[in-house]
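A.B. asks: I'd like to go over a predicted model; first the sequence, then the structure.
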Amino acid sequence: MKNVKKITGVLMFIFMLIGGVMSAQDKVISPNQLPKTAKNFLASHFKGIAVSSAVEDREIYGVDEYKVHLNNGMKMEFDSSGNWKEVDGKHQKLPYGFIPTAIRNYSTKNFPNTYIMKIEKKRWSYKAELSNGLELEFDRNGNFKRIDD
């Protein structure tokens with residue numbers, strides 16, 4: 001009887017594990033299926049650059065994020081509502097229209113011969129990677145904090 005309970009418990013654990021893995025997966029979607037906020041962001045800041053792929057990253061509880069690749073090689077990540085989380089120019093200069101003004105001003109003033117080629121927005125901060133390889137950290141208001149090694 002003890003062995004039956006152990007086997008039943010192990011089988012239940014395996015089925016739960018398989019179910020969790022199967023429900024958390026990526027799904028290729030049409031760019032038209034992106035949230036309106038993400039579509040507006042792309043239209044405003046990357047006008048004329050076609051989307052080569054869009055992926056919906058699903059977790060057990062629903063959509064976690066969207067990953068978008070553009071034909072020019074740039075990629076970006078959006079949260080479940082379509083707000084940008086990360087934009088990677090893949091060594092190309094990013095359009096500055098969506099980057100907070102304080103971050104733009106600091107980087108152009110202090111590093112005049114460089115450009116921002118990647119930016120990541122976290123809950124309480126921003127991280128910007130410059131074309132010279134430096135990574136700058138800013139607080140959520142865009143105030144410079146430090147150079148990240």
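C.D. replies: The structure has been received and is ready for your questions. Just so we're clear, the structure is a prediction, and the values are computed from it rather than from any experiment.

A.B. asks: so what are the domain limits for this structure?
C.D. replies: Under automatic domain parsing, the residue ranges defining each domain of the chain are 25-79, 93-149.

A.B. asks: same list (those) but as JSON lines, adding distance to K85, mean neighbour count and mean pLDDT.
C.D. replies: (C-beta placed from N, C-alpha, C; glycine too.) As requested, the domains of the chain are exported to JSON lines (distance: least, CB to CB, whole Å; neighbours: other CB atoms under 10 Å; pLDDT from 0 to 100):
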{"stretch": "domain 25-79", "distance to K85": "5", "mean neighbour count": "15", "mean pLDDT": "94"}
{"stretch": "domain 93-149", "distance to K85": "6", "mean neighbour count": "15", "mean pLDDT": "96"}
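
A.B. asks: which SSE is S53 in?
C.D. replies: Element membership for S53 (DSSP states H and E) is strand 51-59.

A.B. asks: packing partners for the helix or strand following that strand?
C.D. replies: Using DSSP H and E, the helix or strand that follows strand 51-59 in sequence is strand 62-70. When contacts are defined as 3 or more CB pairs under 8 Å, 6 or more residues apart in numbering; DSSP states H and E, strand 62-70 packs onto helix 36-45, strand 51-59, strand 75-79.

A.B. asks: let's see 7 Å
C.D. replies: strand 51-59, strand 75-79 (3 or more CB pairs under 7 Å, 6 or more residues apart in numbering; DSSP states H and E).

A.B. asks: let's have the ones you listed in TSV, adding distance to K36.
C.D. replies: Shown next, in TSV, are those (distance: least, CB to CB, whole Å):
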stretch	distance to K36
strand 51-59	14
strand 75-79	11
